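J.: below are the sequence and a predicted model; questions follow.
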Amino acid sequence: MTHPTAPLDGPGAVVGDLDETGLLELITRRLPHASHTLLGPGDDAAVVAAPDGRVVVTTDVLVEDHHFRRVWSSGADVGWRAAMQNLADVAAMGARPTGLVVALVLPAATPVGWVTAVADGLAQACGPHDVGVVGGDLSAGERIVVAVTAFGDLAGHPPVRRDGARPGDVVVLAGGLGRSAAGLALLEAARREDGAPDLEALDDDPCVHAYRRPDPPLTAGARAALAGATSLLDVSDGLVRDAGRLAAASGVVVDLDSAALVGDHDALAPTADALGARAWDWVLGGGEDHALLGTFPPDAAVPEDFRRIGTVHPADDGAPGVRVDGSPAPVAGWDHFGPAGGASRR
């Protein structure tokens, strides 16, 4: 008597049950094909159209228990997040994202369903933006790692760099601040209380959603470039830290106006009060919302995606930096190799 074969991605199936070809087939059938994809998965390399003749390239990596925890992020959440943090970097150059490749390191005990969910999350993030997932790699290892390299097209205009801010420019922001950090704090607080977060209670929280699935303003970067932005940067490590990078590259002082950030603060204040935290710490130092920070000449018509949050001043004493309402801002934000690893991103 014969018995039906269990599906390779069914409940209980783990990566060690499959060979590489079988796992790749389960993954690639879920990945989106986009208009710039000339040749997708299946050959030694993919071919992506580059109408501009130049290609914007960026890469980033997520490591389990350093950047995410499976106990509170689904495979689809991790796939979404891995895509979006790279697509935001492309947008921050003033480019349109066109494609990405993904490499996965997977322990043999990793559930196959979790891996295919990563592919689903990649598709959910990329498909609506006409971004193709065109290939990648698989490897066995001791810890899950998701590495993404993304590509973009400049559509004929120069890249918008960090080093173009000039005294007199206005500082602008597209997107929100602090929500991802607040979501992480909620998850961490739940874990501290009983060893595992109450996922059912937190699933509908907007801050937890912002942590699991950041939604950067991907189309705003190209609009900023066309409107004459002098500098642009993805806020991945916190407003003050990333504004400091822009200031250092441009040799200027970035002075942030707290009044322009009150809305972000007030939206987070109830969560901060409940956790005994400071909402301003999340607004100024929280990363992974992937807002776009930029500068424009004072007479520029700033795109509607952006709001004005400060001004650029000369570094008269020779020390570029960041101020808030004219006073030096404390260093805040994520640093991979700083004391205690910065604010945990897990």
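T.: Sure, I can see it.

J.: so Gly79: helix, strand or coil?
T.: helix (DSSP: H, G, I helix; E, B strand; the rest coil).

J.: make residue 1 into 581 and carry on from there
T.: Will do, 581 is the new start, and the previous item becomes Gly659.

J.: what sits against it?
T.: Neighbouring residues of Gly659 by CB atoms under 8 Å, 6 or more residues apart in numbering: 697-705, 726. C-beta: built from backbone N, CA, C; applies to glycine.

J.: so how many other residues sit close to the spatially closest residue to it that is not a sequence neighbour?
T.: Once flanking residues are discounted, Gly659 sits nearest to Gly701: 2.6 Å by CB to CB, 6 or more residues apart in numbering. The tally of other residues near Gly701 (other CB atoms under 10 Å) stands at 26.

J.: tell me the helix or strand right after the helix or strand hosting Gly701.
T.: Assigned by DSSP states H and E, Gly701 falls within helix 692-706. Counting by DSSP H and E, the next helix or strand C-terminal to helix 692-706 is strand 712-720.

J.: that next one pairs with which strands?
T.: Paired strands of strand 712-720, with direction, are strand 676-686 (parallel) (DSSP bridges).

J.: compute the inter-axis angle for the partner strand and helix 692-706.
T.: Put simply, strand 676-686 runs at 170 degrees to helix 692-706, going by axes from the mean of the first three to the mean of the last three CA atoms, to 10 degrees.

J.: alpha carbons of strand 676-686, as CSV, please.
T.: This file holds the C-alpha atoms of strand 676-686, laid out as CSV (Å, rounded to 0.1, in the frame of the first residue of the first chain):
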residue,chain,number,x,y,z
ARG,A,676,14.0,54.3,-8.4
PRO,A,677,14.5,50.7,-7.1
THR,A,678,14.6,48.2,-9.9
GLY,A,679,15.6,44.8,-8.5
LEU,A,680,17.3,42.9,-5.7
VAL,A,681,19.1,39.6,-5.0
VAL,A,682,18.9,37.7,-1.7
ALA,A,683,21.3,35.3,0.0
LEU,A,684,20.0,33.1,2.9
VAL,A,685,22.1,31.3,5.4
LEU,A,686,19.8,28.6,7.0
